[in-house]
Structure formats: C-alpha cells, structure tokens
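1. Whatever this is, show me its structure:
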Amino acid sequence: MRQINQYLAALLIIAAGTFATLPALAQTPQAPPATPAPPAGVAPVLEDIPLGKADAPVTIIEYASLTCPHCAHFANDIFDKVKAAYIDTGKVKWIYRDFPLDEVALRAAMMARCGGAEHYYGFIELIFRQQQHWIQEKDPLQALADLGRLGGITPEQFKACMSNQVVENAVLQSRVNAQKQFDVDSTPTFIINGEKHAGALEFPDFSKVVDALLPAAQAAPGAPAAPSAPSTPAASTPAAPATPATSAPAATPATPAPAAAESGGFPTLWVALGVIAVIVIGGGIFLFGPAKK
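-> Numbers count the residues shown, from 1 in each chain. Below you'll find the model as predicted:
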C-alpha cells in the first residue's frame, strides 16, 4: 500500500508540472513592430506650390520633366495662354510636379526646389526657356549652375543642393507617386480634376477640356466651341532615370505578417495526457503485474 501511495503522489506532481507549462506553450506571439516613419524633412520638400485661387473649381496637376521637349513646348508656347485665361481669372488652380525622365532632369528639378518656393516657378520657366542651350552643353550640370546664378544660387549653394539626399529622394518620390496614383508613364501629363490627359495639349484642346468642367458663365471668352482635333504632339516616353541605385528612395518594407500562434493548447494537452498515460500504465504493470519468480 505504501508503494501505491508513493506512486500516486509522484504521478500527481508530474501531472501538475505538465499542466503548468501549457499556458506558456500556447501563448500568442506579440505583434511585429510598426513600420518606421519616413525620414524627417522629406514631406516639406514635396509640398505642392500652387498657382491661382485656392478654391478654384478646376485643379490641374502637370507632371513634367525638365529635359522633355514636349514639356518645353507647352511651357514656352501654351502655358501663358492658359495662365491668362484660367489661372489669373480664378478658374484654375495649377500645380506643377516633377517627373524626371533622366539624371539631368533630376538635377534640374533639384535646383528649382533649392531655389525656394518664391522663386520656384521662375526657375521652372527659365530652365524650360533655355532648355535647348543648357541641355546640349558638354557639361549640362555646369550649364545648370550658370542658370542658377541668374536666379541667385551661388556655386557653393548649387553644389550643396546637388548633394542633398533629402531633396533628391523627394523629387524621385514625386515620380513614384505619379505612377502609383495616376498611372503616369510619359510627359507632359495633366491631371484635370482627377482625369488623366497625356501629351502637350494645344490651347484649343485644353480649353475644351477645362470649359466642360466650368459653369457656363466662367468658360474662357472666345474659346472655340468644337475645334477640329489637331494632331497632339506625342508624349515623351520616359527612359529609366540614370540615378545610381543607391540614390533612389528605398521602398518602405512591407510590414511582416504576425507569426501564427502556437497551435493553441489542444495539441500540447494531448501530448501531456499521453505522457501521463504512459506513466500510469507503466506504473500499474510494475506494481500489479505478475509477481517475480
């Protein structure tokens, strides 16, 4: 009898220890850490610099590359008409955003950003008007620096701007956002009240699109009602920017999915019960089995 009591006591101790480990084995892992926030300083550089009335009925976003000849054609030959008819009259809010097609366009966009918000559109206009001159120079970056001096950017400031990783990443991110948000794949591209229009639209075509979005009383005076569709210059298809891979903004890593919880308590419970069963059966055979000869 004493052997039986000792056996049962040992069995209870083993069972208690086994069940005590079950909560720890079935614990759900903690959620993974949150994705780090983007570096401070990028958002201010990416802020839009709008032209026109803030609550204008039509908002137009222009995506352009400063080395794109079709973009230069629109900037030099058409934009002033659009500005006089729609922006200056409070009918259109205009936003220019960068979509650099190559390394040189990236550097030109960076210089315009470094010039500050008050000089931004002045630099954009200057770069487009002089595009055929500076872009053909043997050293286009030096030609850009010379243009920068006309706007008050010293050689030292230009050099610092070209090595500013925050500005570079912000300009590149503008292109990435355009591709993701509006499926932009060429320049110039205009987003007119959310609708995509690719190519350097001539003024009559531009007026036709904008006037359709305005109240009848606000349509551009003298704009043709239904002009025959002139051939629209083909949009420039972008080549991949020649920016070194390390300079492109790193993609935000996807947040890993939480690891699956340990199979709950049930499989572990069955293992524990199996262990106890083996002990019970083995002990019973030992105590109550046939007597040894």
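2. need the helices for the stretch 101-250 of the chain, in chain order.
-> Here the stretch 101-250 of the chain has its helices, by DSSP state H, counting those that start in this stretch, at 103-114, 120-129, 131-134, 140-150, 155-162, 165-182, 203-211.
3. Adding mean pLDDT, write those helices out as JSON lines.
-> Listed next are those as JSON lines, based on pLDDT from 0 to 100:
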{"stretch": "helix 103-114", "mean pLDDT": "96"}
{"stretch": "helix 120-129", "mean pLDDT": "96"}
{"stretch": "helix 131-134", "mean pLDDT": "94"}
{"stretch": "helix 140-150", "mean pLDDT": "95"}
{"stretch": "helix 155-162", "mean pLDDT": "95"}
{"stretch": "helix 165-182", "mean pLDDT": "94"}
{"stretch": "helix 203-211", "mean pLDDT": "95"}
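4. Flag every buried residue along the helix or strand residue 95 falls within.
-> If you go by DSSP states H and E, residue 95 is part of strand 92-98. If you call a residue buried by 16 or more other Cβ atoms under 10 Å, then strand 92-98 has these buried ones: 92-94, 96-98. From N, CA and C alone the C-beta is placed, and that goes for glycine too.
5. same check, this time on stretch 49-68
-> 49-52, 56, 58-68.
6. Between all of the residues you listed, which two are separated the most?
-> Maximum pairwise distance in the buried residues of stretch 49-68, criterion Cβ to Cβ, is 29.7 Å, between 56 and 67.
7. Which residue ranges make up each domain of the chain?
-> Listed by automatic domain parsing, the domain ranges of the chain are 2-26+264-288, 42-245.
8. Considering the ones you listed, which stretch scores lowest in mean pLDDT?
-> Among those, domain 2-26+264-288 has the lowest mean pLDDT, at a mean of 47.
9. hmm, back to that, ok, residues contacting the strand holding residue 95?
-> 48-56, 58-66, 82-83, 86-87, 109, 120-121, 124, 171, 174-175, 178, 210 (Cβ atoms under 8 Å, 6 or more residues apart in numbering).
10. From residue 86, how far out is residue 121?
-> Computed with Cβ to Cβ, to the nearest Å, the distance linking residue 121 and residue 86 is 16 Å.
11. Please compare the two by neighbour count and tell me which comes out ahead.
-> Ranked by neighbour count (other Cβ atoms under 10 Å), residue 121 and residue 86 place residue 86 first, with 25 against 16.
12. Looks to me like the more buried one is in a helix.
-> Yes. Assigned with DSSP: H, G, I helix; E, B strand; the rest coil, residue 86 falls within a helix.
13. My guess is it contacts residue 211. True?
-> No. If you go by Cβ atoms under 8 Å, residue 86 and residue 211 don't touch, sitting 9.2 Å apart.
14. OK, contacts around the closest residue to residue 125 other than its chain neighbours?
-> Nearest residue to residue 125, sequence neighbours excluded (Cβ to Cβ, 6 or more residues apart in numbering): residue 75, at 6.8 Å. By Cβ under 8 Å, 6+ apart, residue 75 lies in contact with 64, 124-125, 128-129.
15. Tell me where the chain has strands.
-> Listed in chain order, the strands of the chain (DSSP state E) span residues 58-64, 92-98, 189-192, 195-198.
16. Turn those strands into TSV, including distance to residue 154.
-> Formatted as TSV, the strands of the chain follow (distance: least, Cβ to Cβ, whole Å):
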stretch	distance to residue 154
strand 58-64	27
strand 92-98	23
strand 189-192	34
strand 195-198	38
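17. Point out the one among these that comes closest to residue 105.
-> The nearest among the strands of the chain, by Cβ to Cβ, is strand 92-98 at 8.0 Å.
18. relative orientation of that closest one and helix 165-182 in degrees?
-> Angle, strand 92-98 to helix 165-182, by axes from the mean of the first three to the mean of the last three Cα atoms, to 10 degrees: 120 degrees.
19. Between strand 58-64 and strand 92-98, find me the angle.
-> Calculated by the same axes, to 10 degrees, strand 92-98 forms an angle of 20 degrees with strand 58-64.
20. Roughly how far does residue 187 sit from residue 127?
-> From residue 187 across to residue 127, the span is 14 Å (Cβ to Cβ).
21. Those two: which is more packed in?
-> Neighbours per residue, other Cβ under 10 Å: of residue 187 and residue 127, the larger number sits with residue 187, 30 against 24.
22. beta partners of that one?
-> Following DSSP bridges, residue 187 is listed with bridge partners residue 236.
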